[in-house]
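In: output the structure for:
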Amino acid sequence: MRSPGYLPAMLLLALLPAAQAAIELPFTQLETGHVIIPVTLDGVTTPFVLDTGASATVVLPATWDAAGHDSEHGMVVGGKGAGGSVQGVRLIKLPTLGIGGQDVKVGYAVVMDVAAVAPVEGGAPQFGGILGVDVLQHYVVELDFGAHVLKLYGPDEAAPVAKAWTPTRRLRGGLMGIDLKLAGATIPAVLDLGATGTILNTAAAALPGVTKVDDCGSRAFGADEHELTLDCVTVEDLAVQSRDFGATALSVADLPIFQTMRLATKHGKPSPAAIFGVDLLGQDVLILDAAGKRFGWR
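Out: A predicted model of the protein is given here:
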């Protein structure tokens, strides 16, 4: 005899909506280490940089024009990159972007020229925009650096679990802040997939256990197109809560972003700070959970 509750239960299960699958797509990496994914904007597919160090999604003027818009339209707003203020920034309405065959909500983005943050070939940028933390914060982001596969898990999807989690905190602009353990000291850092290397400020480079390397010839470019000359150091030990990197070579520069994020001073005095870049983040399977205030590897 069939149970009286059997048929209603089956009907209830049939009425439940199917769980939406995570967005999944391949990614590539530039020689700089920048993570690149294909993004569709009004029918035009172009490579975007995945950047947790960008508070807003960015569209390059050429990309916006190719999609049938006018890059000279939009509200002029102020912008700041790692190297300082950026000119010619315009705020635009951008309802969605196509990622992995699905429409991802954006809302607003900025049009600006950021060609100097990555190498160019034949005078042309190797990407058409930047997918910022304004979009990424709504997902659990999984980056498999071995298979080169990106997965974005929405709030209703079963997200992956790291072997061990490192806590994060929300910084200005929605960026993810973490604590780095540097030769026994704990210093604040910005978790930045858009940074090709991990960078200390000079206050951090002056800590015990940090040794300067002469004539390293390290250079970088900010979104303001200013060249940044970087010093180099080695540290006895570098770690986050979920991983120990051991002795590590790092760059040193007093970037304006440290002031923007209010990390460079404490009680009116210079304070150690860092940018935690893709050179260390880009290992194994990285999991970023901005809403859950944590990240880790598995």
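
In: show me where the stretch 151-298 of the chain has its strands.
Out: For the stretch 151-298 of the chain, the strands defined by DSSP state E, counting those that start in this stretch cover 164-167, 169-170, 176-182, 185-191, 199-200, 210-221, 227-240, 243-252, 265-266, 269-270, 274-276, 285-289, 294-297.

In: low-confidence ranges, the stretch 151-298 of the chain, go.
Out: Low-confidence segments of the stretch 151-298 of the chain, defined by pLDDT under 70: 215, 217-229.

In: swap in 50 and give it another go.
Out: The stretch 151-298 of the chain contains residues with pLDDT under 50 at 221-226.

In: for stretch 30-40, buried residues please.
Out: Residues of stretch 30-40 classed as buried: 32-40 (neighbour count, 16 or more other CB atoms under 10 Å). In this view, the C-beta of every residue, glycine as well, is placed from N, C-alpha and C.

In: I'd like the strands of the stretch 151-298 of the chain as a markdown table, with mean neighbour count and distance to residue 23 appended.
Out: Shown next, in a markdown table, are these (neighbours: other CB atoms under 10 Å; distance: least, CB to CB, whole Å):
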| stretch | mean neighbour count | distance to residue 23 |
| --- | --- | --- |
| strand 164-167 | 16 | 22 |
| strand 169-170 | 12 | 23 |
| strand 176-182 | 21 | 20 |
| strand 185-191 | 20 | 21 |
| strand 199-200 | 30 | 31 |
| strand 210-221 | 13 | 30 |
| strand 227-240 | 17 | 27 |
| strand 243-252 | 17 | 26 |
| strand 265-266 | 13 | 40 |
| strand 269-270 | 12 | 42 |
| strand 274-276 | 26 | 25 |
| strand 285-289 | 22 | 14 |
| strand 294-297 | 22 | 19 |
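
In: among the ones you listed, which is nearest residue 91?
Out: For residue 91, the closest of these is strand 169-170, at 22.0 Å, according to CB to CB.

In: give me the contacts around that closest one.
Out: Strand 169-170 is contacted from outside by 176-178, 290, 293, using CB atoms under 8 Å, 6 or more residues apart in numbering.

In: how far does it sit from its chain's centre?
Out: A distance of 14 Å separates the centroid of the chain from that of strand 169-170, by CA atoms, centre = their mean, to the nearest Å.

In: check which strands are paired with that strand and give the direction for each one.
Out: strand 176-182 (antiparallel) (DSSP bridges).

In: and the angle from the partner strand to strand 243-252?
Out: Interaxial angle, strand 176-182 versus strand 243-252 (axes from the mean of the first three to the mean of the last three CA atoms, to 10 degrees): 90 degrees.

In: CA-only coordinates of strand 176-182, as CSV, when you get a sec.
Out: Only the C-alpha atoms of strand 176-182 are listed here, as CSV (Å, rounded to 0.1, in the frame of the first residue of the first chain):
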residue,chain,number,x,y,z
MET,A,176,39.5,42.3,-0.1
GLY,A,177,42.0,42.9,2.7
ILE,A,178,44.0,40.2,4.4
ASP,A,179,46.8,39.8,6.9
LEU,A,180,50.2,38.7,5.7
LYS,A,181,52.8,37.3,8.1
LEU,A,182,56.1,38.7,7.1
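
In: between that strand and strand 227-240, how many degrees?
Out: Here strand 176-182 runs at an angle of 70 degrees relative to strand 227-240 (the same axes, to 10 degrees).

In: what sits up against strand 176-182?
Out: 52, 133, 166-171, 186-191, 200, 204, 207, 209-210, 235, 237-241, 261, 263, 272, 274, 276, 288, 290, 295.

In: do the same with stretch 204-211
Out: Against stretch 204-211 from outside (CB under 8 Å, 6+ apart): 182-185, 187, 200, 212, 231, 233-237, 252, 272-274.
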